[in-house]
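> sequence plus the predicted model coming up.
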Amino acid sequence: MLSVIIPVFKTEATLERCLLSVLRQQVDLEVILVDDGSPDNCPHLCDAWARRDPRVRTFHQPNRGLSAARNAGIDQARGEYLTFVDSDDYLSSGTYKPLMKILAFHPEFDILEFGVVKFEGSVERQDIILADHVYHDRLEYWLRARAYEHSYAWNKIYRRWIFDKVRFPEGRVFEDIQTLPSLVRLAQCVATVSTGCYHYTLNEKGITRQAGATEVKQLLEAHIPLLSEMLSGDTHRLDVDYGLSRYYLMVLNIQITYMQLSGGAPQIPHYSFRIPPDLPLRTRLKDSFIRLLGLSAYVRLVRLLPMSKGRIS
């Protein structure tokens, strides 16, 4: 059975769309609704769904945040596999059935990741289409599959046991990027597939749009230990085979954003990164300036320019 964990908070307008997209998946599943102290009509809606459909179970708790709600759902999950859905998002029809068939045929897959449509209906729409591939090396998955660009909790199905010693960090933001590396360390095998689609809706009030210095610092702190570990190893192999420089440049952009917001000093370890030739010209020019001027001098320069509100590279 698949346990689908749905944290619920202030989403009465989208909860039914979310639930229907899950309950119509035609697989053996249970839905665990965790009402995180929502002040609107969501608690009543969750209870009504639990009475209406025996596959739905509802749990109520005082408001403690997304991580705590997910953790509560994990504690209640009874399935061999589990996954997450945010209550303002939804699934394409027929997403879970082929994925569960793949898992039945490949019991060695501990994590199975599928595609995403981000910000559907907006000018920022992005389709994340994954290749069919199996990874036994966690660094290959992280770098070659660019898992760091789609480290979301909800476009993946996990074996239940992988959460035996892992929980989402409570009281922090960008909890997904702080959790996925721990799960990948435990997984013996991670697979990505081209089938299935999760619809991630645009939330202008979400943390990625409203993040300040404190939130961006937490995002940076989530990446730096993993990046430091990679830079202490065979960086030539990781760069040539897996694309370490591309990951480094992404973290470098987060560092620049944090320095602009806070005025703080660099925290990212130094690395003589390569500039991938397939990057847009503007990005390659920026990276060239960083190599030429150094990070601190570059940030002093860009502080003279207006920063796009709410944009985290």
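Received it, and whenever you're ready, just let me know what you need.
> and stretch 232-244, which residues are buried?
Residues 235, 238, 239, 242, 243, 244 are the ones in stretch 232-244 that count as buried (16 or more other Cβ atoms under 10 Å). The way it works is simple: take the backbone N, C-alpha and C, and place the C-beta from them, glycine included.
> typo on my end, it should be stretch 28-44
Using 16+ other Cβ under 10 Å as the test for burial, stretch 28-44 gives 29, 30, 31, 32, 33, 34, 35, 36, 37, 38, 42, 43.
> among those, which one sits closest to residue 70?
Comparing these against residue 70 with Cβ to Cβ places residue 34 closest, at 7.5 Å.
> pretty sure that closest one sits against residue 69.
Yes. At 4.2 Å, residue 34 counts as touching residue 69 under the criterion of Cβ atoms under 8 Å.
> so what sits against both of the two?
Taking Cβ atoms under 8 Å, 6 or more residues apart in numbering as the criterion, residue 34 and residue 69 both touch 7, 8, 61.
> any idea how far the longest strand seen in the chain is from the chain center?
Longest strand in the chain, counting residues (DSSP state E): strand 190-200. From the chain centre to the centre of strand 190-200 is a distance of 13 Å (Cα atoms, centre = their mean, to the nearest Å).
> counting by contacts, list what that strand packs against.
Packing partners of strand 190-200 (3 or more Cβ pairs under 8 Å, 6 or more residues apart in numbering; DSSP states H and E): strand 90-91, helix 96-105, strand 111-118, strand 133-135.
> ranges for the strands of this structure?
2-8, 29-36, 56-61, 81-84, 90-91, 111-118, 126-128, 133-135, 156-159, 190-200.
> redo those as CSV? Include mean pLDDT and distance to residue 267.
Listed next are those as CSV, based on pLDDT from 0 to 100; distance: least, Cβ to Cβ, whole Å:
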stretch, mean pLDDT, distance to residue 267
strand 2-8, 97, 31
strand 29-36, 97, 32
strand 56-61, 97, 35
strand 81-84, 98, 30
strand 90-91, 96, 37
strand 111-118, 96, 28
strand 126-128, 92, 28
strand 133-135, 97, 29
strand 156-159, 98, 28
strand 190-200, 96, 28
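> of the shared contacts of residue 34 and residue 69, which is the most crowded?
Among the shared contacts of residue 34 and residue 69, residue 8 has the most neighbours (other Cβ atoms under 10 Å), with 27 neighbours.
> from residue 54, how far out is that one?
For residue 8, the distance to residue 54 (Cβ to Cβ, to the nearest Å) stands at 19 Å.
> again, but for residue 119
35 Å.
> now residue 258
Applying Cβ to Cβ to residue 258 and residue 54 gives a distance of 48 Å.
> before we move on, what about residue 228?
49 Å.
> those two: who's more crowded?
The neighbour count for residue 228 versus residue 54, taken as other Cβ under 10 Å, is higher for residue 228 (12 against 8).
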